[in-house]
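[1] missing the sequence, but the structure's below:
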């Protein structure tokens with residue numbers, strides 16, 4: 001049937017341009033590691049760089065016009081959220097929630113923070129609307145003194161949630177679902193997943209065991225989204241509906257916000273070490289920020305590449321070339337490079353004496369432990385006019401306990417800027433603790449306790465925990481711009497192909513709107529061109545995977561959904577486990593939920609086994625709402641196409657003299673079929 005696509009938004013994965021307002025160039029004498037014509041093409045053309053869709057001039061030596069950088073947001077696709085899922089569908093469903101133990105099992109949990117509130121709200125929301133909730137997570141028994149065993153965790157969660165939580169073993173909890181488990185408790189908690197090696201290995205057998213009896217999986221542990229675990233990724237293969245929880249949803253929105261670079265000047269404060277591992281991410285930041293401020297161990301690699309004197313204790317000869325390439329890349333992009341000018345240093349022998357030294361003149365026997373006053377003043381002056389800041393990584397230079405509270409002074413400055421409407425993202429446990437010490441709440445910041453997720457994102461890596469969730473259509477559809485009259489009944493053709501069936505139906509039936517959903521974008525573009533050429537007002541197409549986006553697209557249509565057709569889906573006979581993969585339970589349930597009381601479902605295939613499988617799926621997962629219409633008359637299959645309009649494949653099959661296997665289902669078997 002008809003398919004919808006806004007021509008300006010008709011791509012499944014969003015590519016977003018980054019506007020850049022170059023800051024004043026920070027001039028420094030570069031080290032001899034640079035060659036005049038060596039412009040780090042190896043780095044830029046690497047897989048991470050290409051995955052971000054970055055476009056660069058081939059000759060950056062003589063070019064004044066640098067191409068814009070681009071963000072590939074495939075790493076953060078639109079996913080189906082718990083808040084958007086119909087509440088009435090939660091009642092009586094078994095829902096597994098993978099929650100974040102770093103939030104809910106903290107020694108000093110602050111329920112005033114948004115992340116804490118959302119993590120708790122996800123669980124209480126599900127319980128409120130009648131879901132049977134099973135909690136799953138992992139916790140470190142070595143560091144969380146309060147939570148050494150599952151009993152202490154159960155008692156703690158019961159107190160926080162104000163609900164009765166009971167422990168259950170992973171190997172036996174599915175039996176409790178069919179017995180009286182939820183009569184004894186409001187919520188069940190699985191044993192510590194960190195005790196199972198199958199969890200980290202993403203073992204398929206273990207994932208399937210976790211999914212037994214589970215109707216809906218809700219991932220609310222964003223801090224683990226960069227990892228491939230059985231409880232975050234593997235389990236989604238066996239659950240018909242996979243949603244993001246409220247905490248996960250908020251963090252995902254924050255990550256997208258961190259990727260936006262419209263607000264300039266945009267400054268990245270970079271702490272920590274291991275420059276080589278983070279090189280791809282640093283190139284991305286250099287292509288979008290106006291300044292890079294190094295406040296951690298990486299600053300010594302930057303200083304070394306600039307030809308400055310660095311103590312042999314702090315040097316890393318293995319990354320000299322890479323650091324030099326990063327500096328040159330930043331200079332070519334007119335990005336300011338800032339490194340510490342002085343340090344508080346501790347004497348190695350006494351470990352108690354602490355003094356200030358210039359960064360290029362640290363005596364032997366002394367090690368830096370914190371930023372000096374000149375460095376902090378320079379950083380504060382740079383940040384004064386910033387509109388967007390990201391602080392990622394700790395301000396740390398050695399394992400010494402000595403400190404001049406440089407991180408605290410930096411946090412205090414960011415707190416002041418946050419009050420002036422500066423967009424601030426804080427990444428990493430150390431940075432978050434410093435911010436919390438200087439402000440009463442984290443609500444004014446975008447906060448990510450786990451820095452690995454953000455580093456992976458900036459490297460251009462896809463986040464497995466995000467990709468494993470069901471997708472949602474990425475745009476709100478303006479139906480008034482799509483159809484002339486949105487009050488007309490809607491007909492949807494799933495897998496509309498070249499659109500010949502839909503276009504002819506729309507031409508004949510002006511009293512209905514027709515929407516086609518097709519995953520092949522090229523076919524959709526052709527169909528949209530035909531709609532434009534025919535000046536059609538009641539037909540449209542969308543390039544999308546209808547299996548995951550049908551609900552999010554159709555639920556917003558103002559009129560009634562009266563007919564859904566699925567014609568000749570392609571079975572994969574080489575992989576039986578993937579056969580008929582388009583017709584999954586989530587899609588059938590969405591059709592059953594959204595179909596009008598007199599709505600119909602038309603199915604047909606030239607492969608009888610496929611037609612039988614489709615019929616079984618709709619009868620099994622249709623929630624008892626659908627019945628096969630022709631069986632009233634003693635017919636197994638419809639002998640003729642009830643619409644008088646054939647798709648090109650149907651015509652091809654009939655021309656060969658082969659049969660078509662058709663059936664019509666209805667919400668009420670007493671209703672007449674669509675005609």
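    Sure thing, it's come through. Everything numeric here is computed off the predicted structure, so don't read it as measured data.

[2] residues near residue 662, how many?
    Neighbours of residue 662 under the rule other CB atoms under 10 Å: 20. For glycine as for every other residue, the C-beta is placed from the backbone atoms N, C-alpha and C.

[3] strands of the stretch 251-400 of the chain, residue ranges please.
    Ranges of strands in the stretch 251-400 of the chain, per DSSP state E, counting those that start in this stretch, are 266-270, 291-294, 336-338, 342-347, 354-358, 366-371, 388-392.

[4] show me which positions of stretch 251-267 end up buried.
    Using 16 or more other CB atoms under 10 Å as the test for burial, stretch 251-267 gives 251-252, 254-256, 258-259, 261, 264-267.

[5] got the end-to-end distance for that stretch?
    21 Å (CA to CA, to the nearest Å).

[6] out of the buried residues of stretch 251-267, list just those in helices.
    Taking DSSP state H, the ones among those that sit in helices are 251-252, 254-256, 258-259.

[7] between these, which is nearest residue 640?
    residue 252 (48.6 Å; CB to CB).

[8] so where's this protein shaky on pLDDT?
    1-75, 106-113, 141-148, 171-182, 351-352, 398-404, 440-443, 571-582, 630-635, 668-675 (pLDDT under 70).

[9] including distance to residue 201, could the strands of the stretch 251-400 of the chain go into TSV?
    What follows is the strands of the stretch 251-400 of the chain, written out as TSV (distance: least, CB to CB, whole Å):
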stretch	distance to residue 201
strand 266-270	33
strand 291-294	37
strand 336-338	42
strand 342-347	43
strand 354-358	47
strand 366-371	40
strand 388-392	30
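
[10] nearest to residue 104, out of the ones you listed?
    Judging the strands of the stretch 251-400 of the chain by CB to CB, what sits closest to residue 104 is strand 388-392, at 24.2 Å.

[11] now the element after that closest one, going C-ward?
    Proceeding N to C from strand 388-392, the next assigned helix or strand is helix 406-418, under DSSP states H and E.

[12] OK, contacts around residue 415?
    By CB atoms under 8 Å, 6 or more residues apart in numbering, the residues touching residue 415 are 435, 438-439, 444.

[13] ok, which pair from the residues you listed is furthest apart?
    Between any two of the contacts of residue 415 (CB to CB), the greatest distance is 11.3 Å, for 438 and 444.

[14] out of those two, which sits in the more crowded spot?
    Just comparing residue 438 and residue 444: by other CB under 10 Å the higher neighbour count belongs to residue 444, 19 against 16.

[15] which strand or helix spans residue 95?
    With DSSP H and E as criterion, residue 95 is part of strand 94-99.

[16] now tabulate the contacts of residue 415 in JSON lines and tack on secondary structure and distance to residue 102.
    Formatted as JSON lines, those follow (DSSP: H, G, I helix; E, B strand; the rest coil; distance: CB to CB, whole Å):
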{"residue": "435", "secondary structure": "helix", "distance to residue 102": "16"}
{"residue": "438", "secondary structure": "helix", "distance to residue 102": "21"}
{"residue": "439", "secondary structure": "coil", "distance to residue 102": "20"}
{"residue": "444", "secondary structure": "coil", "distance to residue 102": "21"}
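
[17] so which of the buried residues of stretch 251-267 is the closest to residue 151?
    Proximity of the buried residues of stretch 251-267 to residue 151 was ranked by CB to CB; the top entry is residue 251 with 29.7 Å.

[18] that closest one is in contact with residue 448, isn't it?
    Yes. Assessed by CB atoms under 8 Å, residue 251 is found in contact with residue 448 at 7.0 Å.

[19] and residue 341, how many neighbours?
    17.

[20] please apply the same query to residue 570.
    Neighbours of residue 570 using other CB under 10 Å come to 13.

[21] my read is it is in a helix, agree?
    No. Assigned with DSSP: H, G, I helix; E, B strand; the rest coil, residue 570 falls outside any helix and is coil.

[22] measure it to residue 620 for me?
    Look at residue 570 and residue 620: by CB to CB, to the nearest Å, they are 21 Å apart.

[23] likewise for residue 504?
    Between residue 504 and residue 620 the computed distance is 32 Å (CB to CB).

[24] repeat for residue 225
    32 Å.

[25] do the same with residue 228
    From residue 228 to residue 620 the distance is 31 Å (CB to CB).

[26] between the two, which is the more surrounded one?
    residue 228 (14 against 10).

[27] and that one, what is it in contact with?
    202, 234, 464.

[28] hmm, residue 202 and the second one touching each other?
    Right, the one you point to is residue 234. Yes. Shown here, residue 234 and residue 202 form a contact pair, counting by CB under 8 Å, at 4.6 Å.

[29] neighbour count: those two, which is higher?
    Comparing residue 234 with residue 202 by other CB under 10 Å, the one with more neighbours is residue 234, at 24 against 18.
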